[in-house]
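# just coords:
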């Protein structure tokens, strides 16, 4: 009993320290929570269909009816922002999963076994990295054709490399640790050593990177759509909105471009904060 | 030393015969250890002592198959229960790791996985070699923790390594080594990283385990005092060779024949007898790349079960510091 009482101040100070150090994590979670809630509850937050056109009320300023105005086809901007966020966030999060899994598994295997397989895979990775990220993704989407499917495939083909490299490097560090040798002297199979001993020690880095990778994915999706290569209209999406709004900048309709751009920036910022915060929170205690 | 009814069982658990290990450094091959032959009888403990770089840990790693990529066994045999561990690319070794032979490492703080509960780590190898379910494994972990003297084992079983002190971590390592009921435990300086008082506790624990479980030990250390406490046989290594070994440790302690053994023994401070200046060894052995590459000559018997390597006094002059400094 007495130990639990004397422990308490220590535990409390630890929690406080964690909170103070992790202000960014909480801020990031708050921002992303709001963004996701807005995207998820889009149908409750607006009564307008993001696709339906109203050619009698185009390019309106803030009105009682459309509180962020309308675009050149009379579509409600607020509604398009919400539904566009839904498209982009969903696709970006899905597109992070495949590279995360593929890259982590490949990285762990390469780092653990090294040898010629490692050399081969890492040279392939070097080839992928040798091309600028956007050039590669854009050309892949160009080859595969527009649409959600090809964005997904293009991102997966390119960004597994980053996970593989991160996890491989971490695995090589962990592999030289004595507890891996200890597991080997216990006669434990390599497969089990990788899943039970290596991965829990290296996955943190991959998770932290995944947060910034979602940011990157949002960037890619928005950029592709901006170039007309990504999400096929009329599906609402931030990139398309920026591209379409752009032609009316000269006419003084700044909001059409700035609002979706702001949405991209705020979302990315929130995810970056979470990534930073997680890097601190998930640090392995030794 | 633990009294043993000697002669009751002389079955050899581990036999190392003429082991030679070569390290490749910058394109050149260097003989790291040569002509290492010793055995561990069932239920007995052999101490493998020597200074840093004498090759004692390398011998241990060769037995376990943990040699670095540039180091290889070039000749000799390592037999566990009469079967060669090195045969068929270590296939047989794979089958006895954990269940027949296990190992306790020097640094418990790095030899435990920081993100795995200690209970799970203790039964990790057990889960590999049996079909216990999780609950049974947990029970077994608690039993083992009791056995190695961890109090409140049923609470501690869910702790992570960072929540434990160094001595407790070493107990966890020992529990993990015991999990599959091995016949032989290799110990790589298991008390070196610990405080002296904790050291004494761990040695007591090893003694207890020896008498209760009849497990054989190969105990690598540079601390000859620990060997005196725990082991009944001793091999003294210097510069990649065994210089003196005996199946009866007391003989070596009372009448060391090889000058290096003499020097080692005279470097131990005594609390009885007249106060005198402590003799030390001036130099450590030559580094691997500067060693003589001649093969080790065969050892000679002082009497059955007690061998020494041939020596010339000139070779060993620089070992002694004695009173020449005053």
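Here it is on my side, so go on. In this text the structure is predicted, and so the values were computed from the model without any measurement.
# From here on, just use CA atoms for contacts and neighbour counts.
OK.
# need the residues of chain A near chain B, please.
Within reach of chain B by CA under 8 Å from any CA of the partner chain, chain A has these residues: A:177-189, A:197, A:200-201, A:284-286.
# Sort out for me which of those are in helices.
A:178, A:179, A:180, A:181, A:182, A:183, A:184, A:185, A:200, A:201 (DSSP state H).
# In the stretch 201-326 of chain B, what residue spans correspond to strands?
B:216-221, B:233-238, B:241-246, B:300-303, B:306-308 (DSSP state E, counting those that start in this stretch).
# picking that back up, among the residues of chain A next to chain B, the buried ones, what's the ChimeraX command?
Filtering these down to the buried ones (16 or more other CA atoms under 10 Å in any protein chain shown) takes a single ChimeraX command:
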select /A:178,179,180,181,182,183,184,185,186,187,188,197,201
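# Tell me which residues touch whichever residue of the stretch 201-326 of chain B sits closest to chain A, please.
Per CA to the nearest CA, residue B:218 is where the stretch 201-326 of chain B lies closest to chain A, at 14.7 Å. Contacts for residue B:218 were tallied using CA atoms under 8 Å, 6 or more residues apart in numbering or on different chains; they are B:40, B:45, B:46, B:47, B:48, B:184, B:185, B:186, B:187.
# any idea how far it is from residue B:235?
10 Å (CA to CA, to the nearest Å).
# Overlap in contacts, the two.
B:46, B:47, B:48.
# Could you look up the SS state of the last one?
When you say that, I think you mean residue B:48. With DSSP: H, G, I helix; E, B strand; the rest coil as the basis, residue B:48 sits in strand.
# Report how many residues lie close to it.
30 (other CA atoms under 10 Å in any protein chain shown).
# Next: the one 10 residues further on.
Here the neighbour count serves as a burial measure; for residue B:58 (other CA under 10 Å) it reads 19.
# That one is in what secondary structure piece?
helix B:56-64 (DSSP states H and E).
# now check the next helix or strand after that helix, is it near chain A?
Remark: after helix B:56-64, the chain's next helix or strand is strand B:71-80, criterion DSSP H and E. No: judged by CA under 8 Å from any CA, strand B:71-80 makes no contact with chain A; its nearest approach is 14.6 Å.
# residues of stretch A:221-231 that come out buried?
Buried-residue list, stretch A:221-231, by 16+ other CA under 10 Å: A:221, A:222, A:223, A:224, A:225, A:226, A:228, A:229, A:230, A:231.
# Isn't the first one up against residue A:92?
Yes: in this structure, residue A:221 sits in contact with residue A:92. The criterion is CA atoms under 8 Å, and the distance is 7.4 Å.
# Bridged to the residue of the stretch 201-326 of chain B closest to chain A, which residues?
residue B:46, residue B:186 (DSSP bridges).
# about what we covered before: could you dump the contacts of residue B:218 into a markdown table and include distance to residue B:160 and pLDDT?
Formatted as a markdown table, the contacts of residue B:218 follow (distance: CA to CA, whole Å; pLDDT from 0 to 100):
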| residue | distance to residue B:160 | pLDDT |
| --- | --- | --- |
| B:40 | 35 | 94 |
| B:45 | 31 | 93 |
| B:46 | 33 | 94 |
| B:47 | 32 | 93 |
| B:48 | 32 | 94 |
| B:184 | 27 | 93 |
| B:185 | 24 | 94 |
| B:186 | 25 | 94 |
| B:187 | 23 | 93 |
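# for stretch B:69-81, the distance to its chain's centre please.
16 Å (CA atoms, centre = their mean, to the nearest Å).
# in chain A, which spans are helices?
A:2-21, A:23-40, A:42-45, A:77-113, A:115-130, A:133-144, A:148-175, A:178-185, A:190-192, A:199-226, A:238-246, A:255-281.
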